[in-house]
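A.B. asks: Below: sequence and its predicted model.
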Amino acid sequence: MALPVTDTAPTDPASFQYQQGFGNHFCSEALAGALPVGQNTPQVCPFGLYAEQLSGTAFTAPRHENRRTWLYRIRPSVVHHPFQPASATATQATAESALGRHVCPSFVDPPAPSDPNAALITPAQLRWKPFDLPDSETDPCDFVEGLHTVAGAGDPGSRQGLAVYVYTCNRPMVRRAFYSSDGDWLIVPQQGTLIIQTELGWMEVQPNHIAVVPRGIRFRVEVPDGPSRGYVLEVFDGHFQLPDLGPIGANGLANPRDFQTPVAAYEDRDEPYQIVTKFHGTFFTARQDHVPFDVVAWHGNYVPYRYDLANFCAVNSVTFDHIDPSVFTVLTVRSAFPGTALADFVIFPPRFEVQHNTFRPPYFHRNAMSEFMGLIRGEYEAKRGGFLPGGASLHSLMTPHGPDIHTVTTASTRELQPGRVADGTQAFMFETSMMLKVTRWALEGSEKLDHEYYKAWLTIPRAFDPANCDARVARN
Ligand SMILES: O=C(O)Cc1cc(O)ccc1O
Ligand SMILES: [Fe+2]
């Protein structure tokens with residue numbers, strides 16, 4: 001795809017262009033003729049660009065899993081000063097700040113008593129009130145600075161596990177680019193649109209959209225709406241894929257054509273830039289003297305993308321009973337066990353509900369998976385109050401949970417008409433087969449833990465009456 005020559009950032013999000021599709025091999029050039037024809041590494045690339053391969057899988061991964069992108073850039077990424085631990089960077093040209101103030105390096109090591117970011121274990125039902133937005137006057141903070149680890153499992157070093165973050169920020173990343181060496185990022189804005197500049201181009205990501213930025217791809221975030229908040233799921237191995245549809249057939253849920261990948265856009269400027277990476281759960285920085293977003297053309301299938309959750313085509317029961325929420329899986333990261341995800345990204349979208357003789361809200365249950373939930377807007381169908389936009393909950397593996405007492409009472413007595421559920425609402429779940437640890441920041445430092453959460457269920461009355469078999473069993 002040929003676009004006009006651009007060596008400055010396209011500042012107006014309305015002018016951003018996207019290529020449609022999931023898992024495609026895309027081609028994009030910001031300067032016509034910049035992509036080599038018929039080969040990846042000519043002796044000299046067009047316009048004097050350097051060729052650089054970014055691999056998302058082992059070279060030898062099976063073809064259907066193999067991901068890589070060829071970048072044609074003004075300078076290769078390796079042109080930078082040495083990496084240093086982030087704490088040793090105070091004298092750098094770029095503004096110093098506390099990077100990832102609450103980022104937990106390991107979910108495997110025993111918690112250090114004095115470490116405010118240590119990961120702790122608890123089987124408790126956990127719920128957090130909305131995480132505080134930083135004050136722009138007293139606490140200027142960009143996307144990387146405002147990253148907080150809430151929970152996680154495993155370890156990036158052994159390429160097993162995942163981490164859940166919330167970000168709260170109020171200023172753009174300036175002359176700073178970030179990439180995670182540890183895994184792919186699924187970003188869920190809750191408040192405030194994100195403008196994400198990546199090496200492969202620009203994306204606008206509003207609340208109710210999500211973005212995925214795979215491991216290694218450098219990006220920078222602007223927050224045009226001011227104080228912004230959202231959630232991040234990072235997976236230490238594998239990549240997000242569309243779930244298989246089985247008997248649903250060839251269409252439905254998240255349709256591939258609705259995923260949008262940016263087009264090439266480059267900046268050709270020499271200026272001090274800070275490259276930040278999270279490597280093994282620890283921030284490192286390196287200085288370089290040119291803008292890293294200097295990719296003039298690229299082709300490949302290892303790409304960032306965005307997706308509008310409003311495009312999700314929900315499938316559900318049209319007869320009776322509550323169907324498991326796996327029917328609402330947007331993206332999945334498979335584990336080694338067939339049918340068991342390392343992580344699923346699941347939503348609870350506005351939809352029609354028609355089930356006959358059914359307790360329609362989410363059921364009581366104990367799951368073999370851990371469920372971290374967030375709320376983008378509205379009110380979640382299983383909870384009245386308490387679970388609020390910008391807050392979160394965690395129901396760990398085998399920890400009992402379900403609808404709160406209000407939901408139980410109303411859903412068991414209401415007249416069941418066909419109707420709408422969750423209008424104006426968007427809740428989501430990061431569901432994982434791993435046992436999550438929760439950070440001390442989340443449990444204590446954030447001061448957002450709802451210590452009264454157990455009361456959502458505590459007063460659910462017994463209704464058992466051996467003399468009264470009132471089950472409404474007739475389905476017709
Ligand atoms: O716990 C939750 O609220 C999430 C959830 C929703 C649902 O519809 C069924 C099971 C489930 O875990
Ligand atoms: Fe659940």
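C.D. replies: That came through fine. All of these numbers come straight from a predicted model, not from anything done at the bench. Ligands and ions are numbered 1, 2, ... in the order given.
A.B. asks: List phi and psi for Ala411.
C.D. replies: Dihedral pair for Ala411: phi -70, psi -20, per degrees, to the nearest 10.
A.B. asks: Identify the spatial nearest neighbour of Arg384, chain neighbours not counted.
C.D. replies: Of all residues not flanking Arg384 in the chain, His406 sits nearest, at 4.3 Å (CB to CB, 6 or more residues apart in numbering). Quick note: C-beta positions are derived from backbone N, CA and C, even for glycine.
A.B. asks: for the stretch 351-476 of the chain, what spans make up the helices?
C.D. replies: In the stretch 351-476 of the chain, helices defined by DSSP state H, counting those that start in this stretch lie at 405-413, 440, 455-458, listed in chain order.
A.B. asks: So Gln20 sits against Asp258, correct?
C.D. replies: Yes: under the contact definition of CB atoms under 8 Å, Gln20 touches Asp258, with a separation of 7.3 Å.
A.B. asks: Now for Ser335, how many residues are close by?
C.D. replies: Number of residues near Ser335 (other CB atoms under 10 Å) recorded here: 17.
A.B. asks: Need the phi and psi values for it.
C.D. replies: Listed backbone geometry of Ser335 is phi -100, psi -170, with angles given as degrees, to the nearest 10.
A.B. asks: I'd say it and Glu431 touch.
C.D. replies: No: with contact taken as CB under 8 Å, Ser335 and Glu431 are classed as non-touching, separated by 11.9 Å.
A.B. asks: Show the contacting residues for the spatially most central residue of the chain.
C.D. replies: Note on the chain: the residue nearest the mean C-alpha position is Leu186, at 2.3 Å, using CA atoms, centre = their mean. Shown in contact with Leu186 (CB atoms under 8 Å, 6 or more residues apart in numbering): Ile210, Ala211, Val212, Val232, Leu233, Glu234, Val235, Phe240, Leu331, Phe345.
A.B. asks: and the residues you listed as a markdown table, adding pLDDT?
C.D. replies: Compiled in a markdown table, the contacts of Leu186 are given as follows (pLDDT from 0 to 100):
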| residue | pLDDT |
| --- | --- |
| Ile210 | 99 |
| Ala211 | 99 |
| Val212 | 99 |
| Val232 | 98 |
| Leu233 | 98 |
| Glu234 | 98 |
| Val235 | 98 |
| Phe240 | 98 |
| Leu331 | 99 |
| Phe345 | 99 |
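A.B. asks: Filter the residues you listed down to the ones in strands?
C.D. replies: Secondary structure assignment (DSSP state E) places Ile210, Ala211, Val212, Val232, Leu233, Glu234, Val235, Leu331, Phe345 from the contacts of Leu186 within strands.
A.B. asks: what about the first one, distance to ligand 1?
C.D. replies: Spelled out, that is Ile210. Using CB to the nearest ligand atom, to the nearest Å, one gets 18 Å for the distance from Ile210 to ligand 1.
A.B. asks: Look up which residues are beta-bridged to that residue.
C.D. replies: Tyr307 (DSSP bridges).
A.B. asks: That one and Asn311 touch, don't they?
C.D. replies: No: at 11.0 Å, Ile210 does not count as touching Asn311 under the criterion of CB under 8 Å.
A.B. asks: for the closest residue to ligand 1 within the stretch 201-350 of the chain, what are its contacts?
C.D. replies: Of all residues in the stretch 201-350 of the chain, the one sitting closest to ligand 1 is Pro325 (4.0 Å; CB to the nearest ligand atom). By CB under 8 Å, 6+ apart, the contact set of Pro325 is Val346, Phe348, Pro362, Met429, Glu431.
A.B. asks: before we move on, what about Leu200?
C.D. replies: Residues near Leu200 by CB under 8 Å, 6+ apart: Ser28, Thr69, Leu71, Ile217, Thr261, Pro262, Ala264, Val295, Trp298, Val303, Pro304.
A.B. asks: Drop anything exposed from these.
C.D. replies: The neighbour-count criterion (16 or more other CB atoms under 10 Å) marks Ser28, Thr69, Leu71, Ile217, Thr261, Pro262, Ala264, Val295, Trp298, Val303, Pro304 among those as buried.
A.B. asks: still on that earlier bit, okay but the residue nearest to Arg384 is in contact with Glu381, surely?
C.D. replies: No: with contact defined as CB under 8 Å, His406 and Glu381 do not form a contacting pair (11.5 Å).
A.B. asks: how close does the closest residue to Val223 other than its chain neighbours sit to Gly390?
C.D. replies: Using CB to CB, 6+ apart and skipping residues adjacent in sequence, the residue nearest Val223 is Gly192, 5.4 Å away. Note on Gly192: its distance to Gly390, by CB to CB, to the nearest Å, is 11 Å.
A.B. asks: And the residue of the stretch 251-400 of the chain closest to ligand 1?
C.D. replies: Each residue of the stretch 251-400 of the chain has a distance to ligand 1, by CB to the nearest ligand atom, and the smallest belongs to Pro362, at 3.4 Å.
A.B. asks: And that residue, what's its pLDDT?
C.D. replies: What the model reports as pLDDT for Pro362 is 97.
A.B. asks: Who are the contact partners of it?
C.D. replies: Neighbouring residues of Pro362 by CB under 8 Å, 6+ apart: His322, Pro325, Glu381, Ala382, Gly402, Pro403.
A.B. asks: rewinding a little: out of the buried ones among the contacts of Leu200, list just those in strands.
C.D. replies: By the criterion of DSSP E, membership of the buried ones among the contacts of Leu200 in strands covers Ser28, Thr69, Leu71, Thr261, Pro262, Val295, Trp298.
A.B. asks: Pull the contacting residues for the closest residue to Tyr454 other than its chain neighbours.
C.D. replies: Counting by CB to CB, 6+ apart, the nearest residue to Tyr454 once its immediate chain neighbours are dropped is Gln125, at 6.6 Å. By CB under 8 Å, 6+ apart, Gln125 lies in contact with Ser393, Leu394, His395, Thr399, Pro400, His401, Tyr453, Tyr454.
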